[in-house]
Every structure is written in C-alpha cells, then in structure tokens.
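# Requesting a structural model of the entry that follows:
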Amino acid sequence: MFDRVATLLIAVIYPVAVFVTLKFFSITELGYVTLSIGVIRFLFTLALSKEPRALNKQPQVFDKLRHMRFDKLGGLLIAIGAIILWSESASTARLYPVMVNLGMLAYFGSSLLHPPSAIERIARISEPDLPPHAIIYTARVTMVWCCFFVINGAIALYTAIWSSLEIWTLYNGLIAYLAMGLLFSVEYLIRRHVREATDG
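Model prediction:
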C-alpha cells in the first residue's frame, strides 16, 4: 500500500519538481534532485523487501539479494539524474513521463500476449473467481489502457520536445492525470452497466 502511494506521489510531484528547479535553480541541481528522489525510492523499496527467515540462523547474503525487489521506478530516476548531471541537459528529465508510459504499455501489452491480462490480475484481487465473460471484458479494458498509454505517451513526447516548460508541466502534472481519472470513471460506469445486464 505504501509502495503504491509513494509511486503515485512521485509521478504527480516530479513534473512540478522539474518546473520549480529549472525556473529557480540550475540544471545541475535538477540532476541532484532527480538522483536523490530515485535513491530514496530505491532504498525505500529495498527496506520493504522480505528477507527469508530460517530457524536459529541468519539468512545468507546471497539469499538476501535474491529476495530483494529491484525497483524499476527508482532505477529509472537514478539513471535520469545521472544522465542530466553528465550531459547538463534538462531534456532528459522532460522525457520521464514518456518512459513511464512506454513501461506501462510494455507491461499491459505483454499481459495480453501472455494472459491473464493486467486488468484481470487486478480484478482477481477482489474477485478471484471471474466468469468467462468477465475475463473477456478485462482483456478489452486492458487493450483500451494500451491505447491510452500510446496516446498519452505521444502527447508527453510532443510536450517534451516542442512545448514550453509551462505546457509540459501543465500536461504531465495535471491534464494527464485528469484524463486517467476520466478513463477510470467511464470504465467504472460501463462495468456497472455490463454487470447489471449480465446479472439481469
């Protein structure tokens, strides 16, 4: 739960942090801010990793490493921060939302090729025994989210390359999340209608 909240906070705050840092500070400080957020996120994930517990003995070092979760978001931010410091260019930071959308597209898309789909996995958390028609529905919703990530990623790329910093921050820090919320809401209403029609 805390892991998901931290991920959401980073995703929402990062565009604003980039805007403020570039407006009032320097590219170098942006690199350090990005690097610091990545390291904090990475260490936070390692702290939540479960270690194997054996009776009357401490787990071995290799066992600890094997059970640690590699935090992709933290690793991505660390890489972006390092590239910013090395290249002294802010364009890398503005590509972060594009990379996130590509990552989500890869995850959702691969789940369609190797079922269960991403939405089906989420649905089974609260409803383990999904009927066949629900599995088909969740696959279609997963396809819709894939389309969303393609469109959202394309717009994020446009704002990163051809738009001002203000437009980039407005879209990636606000409009993209409003669009995501709208899609969630529409899907919820459709799901209720489909469930009522099926039950009826």
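
# how is this structure carved up into domains?
1-93, 95-200 (automatic domain parsing).

# Make CSV out of these and add mean neighbour count and mean pLDDT.
No exception for glycine: its C-beta is placed from N, CA and C like everyone else's. Below are the domains of the chain laid out as CSV (neighbours: other C-beta atoms under 10 Å; pLDDT from 0 to 100):
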stretch, mean neighbour count, mean pLDDT
domain 1-93, 15, 72
domain 95-200, 15, 93
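
# Taking the centroid of this structure, which residue is nearest it?
Val100 (5.6 Å; C-alpha atoms, centre = their mean).

# And the helix or strand hosting that residue, what does it pack against?
Per DSSP states H and E: Val100 is located in helix 96-113. Applying 3 or more C-beta pairs under 8 Å, 6 or more residues apart in numbering; DSSP states H and E, one finds that helix 96-113 contacts helix 2-24, helix 72-87, helix 118-126, helix 132-162.

# Now do it: everything it contacts.
With contact meaning C-beta atoms under 8 Å, 6 or more residues apart in numbering, helix 96-113 is reached by 11, 14-15, 18, 72-73, 76-77, 80, 117-118, 120-121, 139, 142-143, 145-146, 149-150, 152-153, 156-157, 160, 172, 176.

# again, only this time at 7 Å
The list of residues contacting helix 96-113 from outside it, by C-beta atoms under 7 Å, 6 or more residues apart in numbering, reads 11, 14, 72, 76, 80, 117-118, 139, 142-143, 145-146, 149-150, 152-153, 156-157, 160, 172.

# just stretch 155-173 next, same as before
The list of residues contacting stretch 155-173 from outside it, by C-beta under 7 Å, 6+ apart, reads 12, 15-16, 19, 22, 94-95, 97-98, 101, 176.

# Ignoring the adjacent residues along the chain, who's closest to Ile84?
Sequence neighbours aside, Gly31 is the residue nearest to Ile84 in space, at 3.6 Å (criterion: C-beta to C-beta, 6 or more residues apart in numbering).

# Next up, the contacts around the one you found.
Gly31 sits next to 81, 84-85 when contact means C-beta under 7 Å, 6+ apart.
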